[in-house]
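In: Here's a sequence, model it:
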Amino acid sequence: NFWNAAYFSKETSYLHFPTFHGELSADISFLFKTSSSSGVFLENLGIKDFIRIELSASNEVLFSFDVGNGPLAVKVTSAGALNDGRWHHVKAERNVKEASLSVDYYPPAVQKAPADGHIHLQLNSQLFVGGTASRQKGFLGCLRSLKLNGRPVDLEERARVTPGVMPGCPGHCSSYEGFCQNFGSCVEELRGFTCDCSLSPYTGTFCHKEVSAFFKPGTSVTYTFKEPYELIRNISAQSSSIYSDLTLKGENISLSFRTSQAPALLLYVNSYYRENMVILLNRHGHLELRYKLAHNKDAEDLATAGRNLANGQLHKLSIQRFGHSLSVQVDQHAKEDFNLTSDTEFNAIKSIVIGKVL
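Out: Next up is the predicted model:
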């Protein structure tokens with residue numbers, strides 16, 4: 001039920017469900033996201049009794065009800081705006097002794113019930129979600145994970161057959177993008193989000209699990225690619241398009257490393273055309289890059305800021321190149337920009353070598 005959501009695009013739109021039964025106790029919880037300053041989340045009416053939860057101001061949620069003793073209200077006022085386009089959690093409870101309202105992590109507001117009086121909440125109309133039968137302003141935005149007395153409500157099923165309401169909710173990444181760690185990117189989905197870890201040296205749901213290996217002195221890992229001419233022979237007519245895809249005009253490389261040994265090879269890539277790229281720590285532990293993208297020209301050596309990275313600490317390295325432009329970032333330090341003067345294309349990668357103490 002966590003991602004079960006509905007998006008209300010009109011103030012006059014709403015979902016309706018059977019009458020809410022909360023005669024002696026009621027427990028209602030949900031999440032909402034909106035840019036509107038007010039609107040009714042849900043409402044259920046009786047002949048005189050009612051129960052209602054609404055965004056009464058941009059920073060205020062109001063829980064009101066009447067069990068025959070006159071209207072009572074519980075209000076939570078937040079320090080910041082609640083119509084900020086982010087998810088906020090609401091929990092409203094009512095029993096014969098008191099009513100309480102919680103919003104996010106703010107302290108709950110509590111309203112004691114009258115010592116003598118009616119205690120039964122008697123409702124007889126349909127439950128309106130995202131709107132109201134009393135002609136008050138409806139809700140604009142998303143409601144998610146609605147539970148009534150602990151039982152989940154399927155908002156999406158009802159939204160599929162209701163004009164002005166859409167199942168699911170757009171914009172999850174605006175609230176949860178920070179969950180994707182280590183340069184992982186948030187990918188929007190109808191029912192939630194996923195983290196794309198492809199540009200990160202991490203894996204897992206939130207790009208939080210390190211993909212790592214321990215290298216003993218003199219050891220490395222080599223990935224070897226098939227010679228492109230074999231593809232040309234085996235695939236005939238369409239082989240040229242496959243061959244051209246092997247030409248790189250840029251790279252986006254990210255990795256983390258920890259070592260106390262220098263000099264050390266971090267990454268070496270070469271091609272079938274005697275082109276290569278090298279990322280290494282020199283004998284002082286300083287990061288150096290070497291590009292040789294034209295087999296008939298000397299390699300270009302690029303030296304970054306003189307920091308000793310062979311200090312046994314974990315370091316994060318990010319390298320981005322497009323054409324002649326190259327940027328390097330180590331940890332949280334400022335990016336360093338370089339310009340290559342030779343060729344810009346990396347043709348037909350032959351192998352990739354990772355990790356080796358030189």
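In: which residues of the stretch 201-350 of the chain fall in strands?
Out: In the stretch 201-350 of the chain, the strands defined using DSSP state E, counting those that start in this stretch lie at 202-203, 209-210, 221-224, 247-248, 250-257, 264-271, 276-281, 287-292, 300-303, 315-322, 325-330, 336-339, 346-347, 349-357.
In: which one of the ones you listed lies closest to residue 161?
Out: In terms of CB to CB, the element of the strands of the stretch 201-350 of the chain nearest to residue 161 is strand 202-203, at 39.8 Å. Backbone N, C-alpha and C define where each C-beta goes, glycine included.
In: Next, the contact list for residue 201, please.
Out: By CB atoms under 8 Å, 6 or more residues apart in numbering, the contact set of residue 201 is 182, 210-212, 254-256.
In: Could you give me the buried positions within stretch 197-215?
Out: By neighbour count on 16 or more other CB atoms under 10 Å, the buried set for stretch 197-215 is 197, 200-203, 206-208, 215.
In: should've said stretch 155-167
Out: 155-156, 158-159, 162, 164-167.
In: Specify the beta-bridge partners of residue 269.
Out: residue 277, residue 352 (DSSP bridges).
In: any weak-confidence spans in the stretch 151-300 of the chain?
Out: Regions of the stretch 151-300 of the chain meeting the criterion pLDDT under 70 cover residues 175-177, 190, 228-246.
In: Just the helices from it, written as ranges.
Out: Ranges of helices in the stretch 151-300 of the chain, per DSSP state H, counting those that start in this stretch, are 155-159, 173-176, 228-235, 239-244.
In: quick one: which of the strands of the stretch 201-350 of the chain is nearest residue 23?
Out: strand 209-210 (48.8 Å).
In: and the closest one, what other elements does it pack with?
Out: strand 202-203 (3 or more CB pairs under 8 Å, 6 or more residues apart in numbering; DSSP states H and E).
In: Mind listing residues that contact the strand it packs on?
Out: Contacts for strand 202-203 (CB under 8 Å, 6+ apart): 181-182, 184, 197, 208-211.
In: Pull the distance from it to the chain's centre.
Out: 15 Å (CA atoms, centre = their mean, to the nearest Å).
In: Sheet-wise, list the partners of it with their directions.
Out: When DSSP bridges is applied, strand 202-203 pairs with strand 209-210 (antiparallel).
In: what sits up against the strand it pairs with?
Out: 201-203, 256.
In: biggest separation within the buried residues of stretch 155-167, which pair?
Out: For the buried residues of stretch 155-167, the maximum inter-member distance is 14.8 Å, found between 156 and 164 (CB to CB).
In: which residues does residue 98 contact?
Out: Contact partners of residue 98, counting by CB under 8 Å, 6+ apart, are 110-113.
In: Can you go through those residues and name the buried ones?
Out: 111, 113.
In: so can I have JSON lines of the contacts of strand 202-203 showing distance to residue 99?
Out: Formatted as JSON lines, these follow (distance: CB to CB, whole Å):
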{"residue": "181", "distance to residue 99": "40"}
{"residue": "182", "distance to residue 99": "44"}
{"residue": "184", "distance to residue 99": "42"}
{"residue": "197", "distance to residue 99": "45"}
{"residue": "208", "distance to residue 99": "40"}
{"residue": "209", "distance to residue 99": "44"}
{"residue": "210", "distance to residue 99": "48"}
{"residue": "211", "distance to residue 99": "51"}
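In: Let me know the closest of the residues you listed to residue 306.
Out: The closest of these to residue 306 turns out to be residue 182 (CB to CB; 26.1 Å).
In: ok, now which ones touch the closest one?
Out: The contact partners of residue 182, taken as CB under 8 Å, 6+ apart, are 197, 200-202, 207-208, 316.
In: any idea how this structure splits into domains?
Out: As given by automatic domain parsing, the domain ranges for the chain are 5-170, 174-210, 221-357.
In: How far off centre is the second one?
Out: Shown here is domain 174-210, whose average C-alpha point lies 6 Å from the average C-alpha point of the whole chain (CA atoms, centre = their mean).
In: same deal with stretch 254-271?
Out: Distance of stretch 254-271 from its chain centroid, counting by CA atoms, centre = their mean, is 30 Å.
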